[in-house]
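Colleague: The following block contains a protein sequence and its predicted model.
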Amino acid sequence: EPLAPFSANSRKNTVGVYAENTLRLSDGRTVLSAGGRVDRISVETVDTPFKTNFTPSTTTFTVFNPSVGMKQQIAEGVRVHATAGRAFVPADASALTGFTTNIVGGRTQINQGNPDLRPEYSVSGDVGVELLSAASLVDVTYFRTSVKDRVVSNVLISNPPPPEPIVLTAVNSLGARIAGLDVDAAYRLSPMVSLFGNATHYFSRLEQLPTTGERNILNVATDTIRAGIDLDAGPLSSRLSARYVHGRQDQDFNLAGSPVVDYPDFVVVDLSAMYRVRERHAVLLGVNNLFDRYYYEKKGFPLQGIGVTVKYQ
């Protein structure tokens, strides 16, 4: 027999306006930018087949997020840059709207949406230096993000004597802090061969929990390194690239208590090539996961092994 789904059906409508202005001074040695985005978001839970314990509702809110940036050349081939901005993530529809009634342990329990729930906000900033030459590029950037008003569900707001119902809702309370370093590099060995690489390292990535304090943000790697080589030889263009991921943790829902476990490190290598047969005609080759590595971004959902694609375009 059909059963009601765990969560109700919902819809979300967003209208956004974004504007940015860039100002170049001193023949482009100084670049300044400023922008802002306004979003009007309407979230609605709707009647759901077989879900008889649920009452739908609607909420609407507006969010504004500014951003600024600058880049300054301080010497030939040397530039410093910095940006700052704010972003947001709206809560799920079930946290914002609706009214669900259940019987738990013989007691009526109500989970009601909180239309006054604020979006989760993050404020990010970064500062870095860029070194340029005719054959190379190196960019080192320090970044930092602070998150507030994270949404916590199933918070008790009313517990009167029986038989009055217990009332739970979602509230804004917790935060997170992230800090790390990004390094980009590229070097042209010859007119045909170029090397490139990128590395991201997190010094810290902590989130607050309602009862157990702080922990590392789950499934965010301590280190991610990407590197590769490009070959452009006449009609042939190709790239061999690799990605190394280290230091991830996540909950294992197959074990009692869903403990936090360490994920294994992995390296995945991809190959792509294009051969131009003649003008407007080309053969393309793509090989994903070249060495058929078993790996996953989320435990229990392994990603594809080696995959080969050939196209004539």
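Modeller: Thanks, I have it. Residues are numbered from 1 along each chain as shown.

Colleague: Show me what Leu132 is bridged to.
Modeller: Applying DSSP bridges to Leu132 gives these bridge partners: Leu137.

Colleague: i'd like the first residue to be 16 from this point on
Modeller: New numbering, starting at 16: the last item is Leu147.

Colleague: wait, isn't it in contact with Lys86?
Modeller: No - between Leu147 and Lys86 there is no contact, the gap being 11.8 Å when judged by C-beta atoms under 8 Å. In short, each C-beta sits where N, CA and C put it, glycine included.

Colleague: Spatially central residue for the chain, please.
Modeller: The chain has Val235 as the residue nearest its centroid, 9.7 Å off, counting by C-alpha atoms, centre = their mean.

Colleague: measure that residue to Tyr157 for me?
Modeller: Per C-beta to C-beta, to the nearest Å, Val235 is found 17 Å from Tyr157.

Colleague: ditto for Arg220
Modeller: On the measure of C-beta to C-beta, Arg220 and Tyr157 end up 14 Å apart.

Colleague: So these two - more neighbours on which side?
Modeller: Arg220 (19 against 15; other C-beta atoms under 10 Å).

Colleague: If we ignore the residues flanking it in sequence, what's nearest the more buried one?
Modeller: Ile232 (4.5 Å; C-beta to C-beta, 6 or more residues apart in numbering).

Colleague: doesn't Ile193 make contact with that neighbour?
Modeller: Yes - assessed by C-beta under 8 Å, Ile232 is found in contact with Ile193 at 7.2 Å.

Colleague: more crowded one of these two?
Modeller: More neighbours surround Ile193 than the other of Ile232 and Ile193, with 19 against 16 (other C-beta under 10 Å).

Colleague: can I assume that one is in contact with Thr215?
Modeller: No - counting by C-beta under 8 Å, Ile193 stays clear of Thr215, with 11.1 Å between them.

Colleague: rewinding a little: which neighbours do Ile232 and Ile193 share?
Modeller: Common neighbours of Ile232 and Ile193, using C-beta atoms under 8 Å, 6 or more residues apart in numbering, are Arg220, Leu221.

Colleague: Buried residues, stretch 117-132. List them.
Modeller: Going by neighbour count (16 or more other C-beta atoms under 10 Å), the buried part of stretch 117-132 is Gln124, Ile125, Asn126, Gln127, Gly128, Asn129, Leu132.

Colleague: which of those lies closest to Pro20?
Modeller: If you rank those by distance to Pro20 using C-beta to C-beta, Asn126 comes first, at 14.6 Å.

Colleague: Let me know the secondary structure of Ser109.
Modeller: Recorded secondary structure, Ser109: helix (DSSP: H, G, I helix; E, B strand; the rest coil).

Colleague: For it, which non-adjacent residue is closest in space?
Modeller: Ser22 (5.2 Å).

Colleague: Perfect, I'm done here.
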